[in-house]
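Novice: need the 3D shape of this:
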Amino acid sequence: MRPAVRDLTRGSASLRIDWDVRTPYDFVFSLSGDAGSTDDLPAKDREWLATSRKALEPEVQAGITDLFESELAIHAGVLLVEKPDVRTSADFVELVAATPPRDLIGALFTDDYHGVDVSDLIARAIDGDETAIPSLADRLPEWNKKGRLEILRDPSTAKKRIQRVLTAWQGRFAEIEPRVLAILERDYDSRAADRERLAPSDLIETTTGGLRYLPEAGISRVILGPSYFSRPYNFLMSSREWRFFGYPVADSALDPSDELTPPLSVVRLHRALGDETRLRILKLLASRDLYLTEIAQELDLSKPTIKHHLAQLRAAGLVTITESGTVMYYSLRRNRLDDASAEIKKFLVG
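Specialist: Predicted coordinates:
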C-alpha cells in the first residue's frame, strides 16, 4: 500500500518568484478552447468571445480552431517571458511578425525540449530535416501529435497562419484590453499580503488555487501571471530555466456584480459537489494521494473525462495538484469541505 502522505522535501533549493502583469498573455489565452467554457468567465465576456469570433473571416476562424482552440499555438506566449517591453496585444503581434519561423515554432515546443531524446530531433525538423519526422512520431507525447508534426513539416506556413489569426484577433481584443488590464492589476494588488508572508511554494499554491509546485533541478525562477480568460484554469508554460503559471484572477478582482448574484466561489463549490463522479473522486482521494491514471483505472473512465472532473474540483478548491517534474498527482483539501455550508449561509443570510 502506498502511504497516504508522500515525502515532498527537496532540500533547501532557492526559488525566485517573479510576477508578470501584462495583457498579451490573456490575448493569447483568450483564443484557447477553454476560454469561456465555464461560467467562471462572466456572461458578458463569454458572449463577447462567441460574437467576436463569429465576426471573423472563415479562414481566420479555421486558424483559431486548428491552432489555438487545440492549444497547438498557445505556447506562442513563451516569447513574452524574455520581452518585458511587450506590453500590449498590438506589441505582441509586432513581436510575432518579427520572429523568424524557426524561433516561433521552437517556442511552441518548449515543453518537449526538456526531453533529451527529442530536443535535437525537434531542432532538426524545424530546420527542414525531413528524416527527423518519423523518429519524432515515435517519441512525441500522444497529445495532438498529428497537428504538431504538420507544424514541424512546414514552419513558414504555420507562422503565416498564426500571424494572420493574431492580427485579426488583436483588433477585437483591443476593445476590452484596458478593462482586462485593470482586472489583472487589481488581482496583483490584492495579493500584496500573500507576497509578504508566504514561502515560495505556499505562495504558488495559494495563487494558482491548489497547484503545489516542487522545486526542480535547474529551475530557479517561477513566473506568476494573472489571467482573466484562463478562469478557472491555470495555463502552464516552461523552459529549462523557468516555469510560468498563468493563473486565474480571484473573484474579488472582477468587475462588481449586484447583491443577488452569488459569489462564484459558492457556485463552483456546490457545482463540484453536485456530481456523482466528482464525489467518487473525492472519496478516493480521502484515502490517499493519486495520479490521474490511478483515478481513471479505479473509476473505469477515460483520462480526459477524469481530467475534466479534476479541473472542476481544483477550481472549487477541493483538490490540490502537486507537480513533481513531469508527473502530477492529486490530494484532497480537507479544510475546504468545511466551507460548503458556511459559504452558502453567509450569502443567503449574511
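Novice: neighbours around Val60, how many?
Specialist: Other residues near Val60 come to 18 when the count uses other CB atoms under 10 Å. Glycine gets a C-beta too; all of them are placed from N, C-alpha and C.
Novice: let me fix that: Glu82
Specialist: Glu82, neighbours per other CB under 10 Å, totals 9.
Novice: can I get the CA coordinates of stretch 96-107 in PDB?
Specialist: C-alpha atoms of stretch 96-107 as PDB (Å, rounded to 0.1, in the frame of the first residue of the first chain):
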ATOM      1  CA  VAL A  96       5.400  37.600 -33.700                       C
ATOM      2  CA  ALA A  97       5.800  39.300 -37.100                       C
ATOM      3  CA  ALA A  98       9.400  40.000 -36.400                       C
ATOM      4  CA  THR A  99      10.200  36.500 -35.100                       C
ATOM      5  CA  PRO A 100      11.700  34.000 -37.600                       C
ATOM      6  CA  PRO A 101       9.600  30.900 -38.300                       C
ATOM      7  CA  ARG A 102      12.300  28.800 -36.700                       C
ATOM      8  CA  ASP A 103      12.100  30.700 -33.400                       C
ATOM      9  CA  LEU A 104       8.300  30.900 -33.300                       C
ATOM     10  CA  ILE A 105       7.800  27.200 -33.900                       C
ATOM     11  CA  GLY A 106      10.500  26.400 -31.500                       C
ATOM     12  CA  ALA A 107       8.600  28.300 -28.800                       C
END
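Novice: could you give the mean pLDDT of it?
Specialist: The pLDDT scores in stretch 96-107 average 93.
Novice: again, but for stretch 321-337
Specialist: What stretch 321-337 shows for mean pLDDT is 79.
Novice: now for the helix or strand harbouring Leu269, which elements pack on it?
Specialist: Following DSSP states H and E, one finds Leu269 within helix 264-273. With contacts defined as 3 or more CB pairs under 8 Å, 6 or more residues apart in numbering; DSSP states H and E, helix 264-273 has these neighbours: helix 303-315, helix 339-349.
Novice: dump those to TSV, plus mean neighbour count.
Specialist: Formatted as TSV, the helices and strands packed on helix 264-273 follow (neighbours: other CB atoms under 10 Å):
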stretch	mean neighbour count
helix 303-315	18
helix 339-349	12
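Novice: enumerate every residue touching the spatially closest residue to Gly77 that is not a sequence neighbour.
Specialist: In space, and not counting its chain neighbours, Gly77 is closest to Val28: 4.6 Å by CB to CB, 6 or more residues apart in numbering. With contact set as CB atoms under 8 Å, 6 or more residues apart in numbering, Val28 has these partners: 68, 74, 76-77, 92, 166.
Novice: go again using 7 Å as the cut-off
Specialist: Residues near Val28 by CB atoms under 7 Å, 6 or more residues apart in numbering: 74, 76-77.
Novice: mind checking the longest helix of this structure?
Specialist: The longest helix of the chain (DSSP state H) is helix 155-173.
Novice: can you pull the buried residues of that one?
Specialist: By neighbour count on 16 or more other CB atoms under 10 Å, the buried set for helix 155-173 is 155, 158-159, 161-163, 165-166, 168-170, 172-173.
Novice: identify the residue nearest Trp169 in space, chain neighbours excluded?
Specialist: Once flanking residues are discounted, Trp169 sits nearest to Leu31: 6.3 Å by CB to CB, 6+ apart.
Novice: tell me if I am right that Ile223 is in a strand.
Specialist: Yes - assessed with DSSP: H, G, I helix; E, B strand; the rest coil, Ile223 lies in a strand.
Novice: next, count neighbours for it.
Specialist: Residues near Ile223, counting by other CB under 10 Å: 19.
Novice: which residues touch it?
Specialist: By CB under 7 Å, 6+ apart, Ile223 lies in contact with 18, 20, 81, 242, 244.
Novice: dump the C-alpha coordinates for whichever strand or helix holds the residue nearest to Gly77 into CSV.
Specialist: Assessed by DSSP H and E, Val28 sits inside helix 23-29. Extracted C-alpha coordinates of helix 23-29, given in CSV (Å, rounded to 0.1, in the frame of the first residue of the first chain):
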residue,chain,number,x,y,z
THR,A,23,-2.4,41.7,-21.2
PRO,A,24,-0.6,39.9,-24.1
TYR,A,25,-0.7,36.6,-22.2
ASP,A,26,-4.5,37.0,-21.9
PHE,A,27,-4.6,38.0,-25.6
VAL,A,28,-3.2,34.5,-26.4
PHE,A,29,-5.2,32.6,-23.7
